[in-house]
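give me coordinates for this.
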Amino acid sequence: RNQSIRRICAIELGEYESTAFLRALGNWSQLEELVYSRNNLGPNGCSVLGSLLESGACKLKELWLYNDNIGDDGVAALASGLRSIAPSLKTLGLPDNSIG
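The predicted model follows:
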């Protein structure tokens with residue numbers, strides 16, 4: 001386990017790779033910033049990410065989800081995880097995700 005990683009950028013992962021990547025994030029408890037772009041996250045990926053955040057495995061300070069096809073259902077799936085990290089989260093970016 002490498003717990004010294006503070007920032008990770010993931011761009012254009014496939015559906016399988018994206019899910020595996022999100023599950024592996026639990027190994028990086030010191031992770032502070034996640035930039036996740038053009039990964040077609042959708043509601044299912046948001047559910048995986050929301051569960052990870054809710055578990056307390058990562059205490060992100062910045063979360064950027066650019067153009068990940070999140071939509072309203074994805075935001076709903078992320079909501080409880082985001083509430084769990086609210087004390088540490090300083091920046092949340094959700095541009096280009098068809099929300100609202």
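
report the buried residues of whichever strand or helix holds Trp64.
Per DSSP states H and E, Trp64 falls inside strand 62-66. Across strand 62-66, burial judged by 16 or more other CB atoms under 10 Å covers 63-65. For the C-beta atoms, the positions are set from N, CA and C on the backbone; glycine is no exception.

also stretch 26-42?
Buried residues in stretch 26-42, counted by 16+ other CB under 10 Å: 28, 31-34, 36-37, 39, 41-42.

farthest pair in the residues you listed?
Using CB to CB, the two most remote members of the buried residues of stretch 26-42 are Glu32 and Gly42, lying 25.0 Å apart.

per-residue pLDDT, the nearest residue to Ser47 once chain neighbours are set aside?
Spatial nearest neighbour of Ser47, excluding adjacent residues (CB to CB, 6 or more residues apart in numbering): Ala77 at 4.2 Å. As predicted, Ala77 sits at a pLDDT of 93.

same deal with Pro87?
Listed pLDDT for Pro87 reads 93.

can you tell me the element it falls in?
Per DSSP H and E: nothing holds Pro87, as it lies in no helix or strand.

and it, how far from Pro43?
Using CB to CB, to the nearest Å, we find Pro87 at a distance of 26 Å from Pro43.

neighbour count winner among those two?
Pro43 (17 against 7; other CB atoms under 10 Å).

give me the residues contacting the helix or strand where the more buried one lies.
Assigned by DSSP H and E, Pro43 falls within helix 42-55. Contacts with helix 42-55, where a contact means CB atoms under 8 Å, 6 or more residues apart in numbering, come from 15, 18-19, 22-23, 25-26, 39, 41, 58, 60, 68-71, 73-82, 84-85.

tell me where the protein has helices.
Applying DSSP state H to the chain gives helices spanning 15-24, 42-55, 71-85.

does the longest one pack against any helices or strands, and if so which?
Looking back up the chat, that one is helix 71-85. Packing partners of helix 71-85 (3 or more CB pairs under 8 Å, 6 or more residues apart in numbering; DSSP states H and E): helix 42-55.
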